[in-house]
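Novice: Below is the sequence, then the predicted model.
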Amino acid sequence: MNINTLKVYEDEIQSLEKEIQLLTEEYECHQHGTAKKAMNTIKRKFQEDPKCYYSSPDLKTQLALLESDFSFLMNFTDIQFKNYSRKLLEKSEIKTVYNYRLSGICQSVPFQLEFRLTEENQNNKNDYVVVTDLNIIIESEESSNLSKLVSRVEENGNLLLFFKTLSRFSEWSAYRKCTLAHFKSKYPNIIALPEGLSGDCMVLKNIELSGFELMIVWKIHVDQDGKVVPVLDLLSKIPMPVLEDKKFASDMPHWFRSLLHVLGIEASIEAVIKSVCRSK
């Protein structure tokens, strides 16, 4: 082996040693901080001494792609991960077991997850992973709407179903809150929100008709299979004199449900509010 060849090998070994050190530091960041912090740590080391990594362009490319994918997923799903940790519990030729903890927020719904991830190798065939001991905590007033889904996911370990449904549920929750705020601002003397913007009801009153009251109830139903469906209805509280004088009032709940299929949510609510205004 000539001196030039030996020099090439020595340089490659040094480069690999530095990459191993880099990955070790990245792993420690994962253990004690957030995934994003770990990415920033690697990126900073590249910036401090980029010459050490010229022999590994693939690593830099993979980092850039990982950051891009991570940012895209957070923007696309509105799921922001805040804290993340991974602890190695077991490692053998047959399987590797990790314990994961992570927390984040989706729109206005905070969540925490803890689970075990087992990576098994079946006789040198394709590896596959199994999620077990899953525990999900949702810190939100709306957590009761997700209780069936959480129970189902904790049972079968389907994290993809959980995040997909959480994203969809959060979209509907944000849309409902925005819609309630819009109508409250537009018709402050007619609309009341007894449970606030995070509630699921809107009360409409006509101050010139004593006892006249309509309530639009807007639930967001989530079944155990992850299907998210908005459910709206109209309840009425109408005194007999008003009912006798304005017979259409008793038909408003049915009329409102029919409008939903034709006009959609916002236009249907607007139509109900305007009917209350005209009844002054």
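Specialist: Arrived safely, thanks for sending.
Novice: thought Met252 was touching Val276?
Specialist: No - at 9.3 Å, Met252 does not count as touching Val276 under the criterion of CB atoms under 8 Å. No exception for glycine: its C-beta is placed from N, CA and C like everyone else's.
Novice: Neighbours of the nearest residue to Thr96 once chain neighbours are set aside, how many?
Specialist: Spatial nearest neighbour of Thr96, chain neighbours left out: Glu119 (4.6 Å); criterion: CB to CB, 6 or more residues apart in numbering. Using other CB atoms under 10 Å, Glu119 has 14 other residues around it.
Novice: list the buried ones in stretch 129-143?
Specialist: Across stretch 129-143, burial judged by 16 or more other CB atoms under 10 Å covers 131, 134, 136, 138, 140, 142.
Novice: which ones among these are found in strands?
Specialist: For those, the ones inside strands are 131, 134, 136, 138, with DSSP state E as the criterion.
Novice: got those as JSON lines, with pLDDT and distance to Ala271 columns?
Specialist: Shown next, in JSON lines, are those (pLDDT from 0 to 100; distance: CB to CB, whole Å):
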{"residue": "Val131", "pLDDT": "88", "distance to Ala271": "47"}
{"residue": "Leu134", "pLDDT": "92", "distance to Ala271": "45"}
{"residue": "Ile136", "pLDDT": "92", "distance to Ala271": "39"}
{"residue": "Ile138", "pLDDT": "87", "distance to Ala271": "35"}
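Novice: Farthest-apart pair in the residues you listed, please.
Specialist: Using CB to CB, the pair of these lying farthest apart is Val131 and Ile138, separated by 17.6 Å.
Novice: where along this structure do the helices fall?
Specialist: 3-32, 35-48, 57-77, 147-156, 159-186, 240-245, 252-263, 265-278 (DSSP state H).
Novice: For the fourth one, which helices and strands make contact with it?
Specialist: For helix 147-156, the contact count by 3 or more CB pairs under 8 Å, 6 or more residues apart in numbering; DSSP states H and E identifies strand 128-138, helix 159-186 as packing neighbours.
Novice: Show me which residues of the longest one are buried.
Specialist: Neighbour-count burial for helix 159-186, with 16+ other CB under 10 Å as criterion, is recorded at 159, 161-163, 165-173, 176-177, 179-180, 183.
Novice: Next, the contact list for Cys277, please.
Specialist: 187, 190, 206 (CB atoms under 8 Å, 6 or more residues apart in numbering).
Novice: try Glu195
Specialist: Glu195 makes contacts with Cys201, as judged by CB under 8 Å, 6+ apart.
Novice: pLDDT score assigned to it?
Specialist: Glu195 carries a pLDDT score of 89 in this model.
Novice: and Asn189, how many neighbours?
Specialist: 9.
Novice: same deal with Ser275?
Specialist: Using other CB under 10 Å, Ser275 has 18 other residues around it.
Novice: check contacts around the closest residue in space to it that isn't next to it in sequence.
Specialist: Closest residue in space to Ser275, ignoring its immediate chain neighbours: Met252 at 7.3 Å, by CB to CB, 6+ apart. Counting by CB under 8 Å, 6+ apart, Met252 touches 214, 234, 236, 272, 275.
Novice: Looking at the residues you listed, which one is closest to Thr96?
Specialist: Nearest to Thr96, judged by CB to CB, of those is Leu234 at 55.5 Å.
Novice: which residues does that closest one contact?
Specialist: Counting by CB under 8 Å, 6+ apart, Leu234 has contacts 214-217, 252-253, 256-257, 272.
Novice: and it, bridged to which residues?
Specialist: With DSSP bridges as the criterion, Leu234 is bridged to Ile216.
Novice: same thing with Arg86?
Specialist: Tyr100.
Novice: And it, how far from Ile94?
Specialist: Distance check for Arg86 against Ile94: by CB to CB, to the nearest Å, it reads 20 Å.
Novice: So those two - more neighbours on which side?
Specialist: Taking Arg86 and Ile94 together and counting by other CB under 10 Å, Arg86 has the greater number of neighbours (15 against 11).
Novice: If we ignore the residues flanking it in sequence, what's nearest Glu171?
Specialist: Gln107 (6.9 Å).
Novice: In contact with that neighbour, which residues?
Specialist: 78, 170-171, 173-174.
Novice: So it versus Lys91, what's the distance?
Specialist: 37 Å.
Novice: again with Ser268
Specialist: Distance of Ser268 to Lys91, computed by CB to CB: 58 Å.
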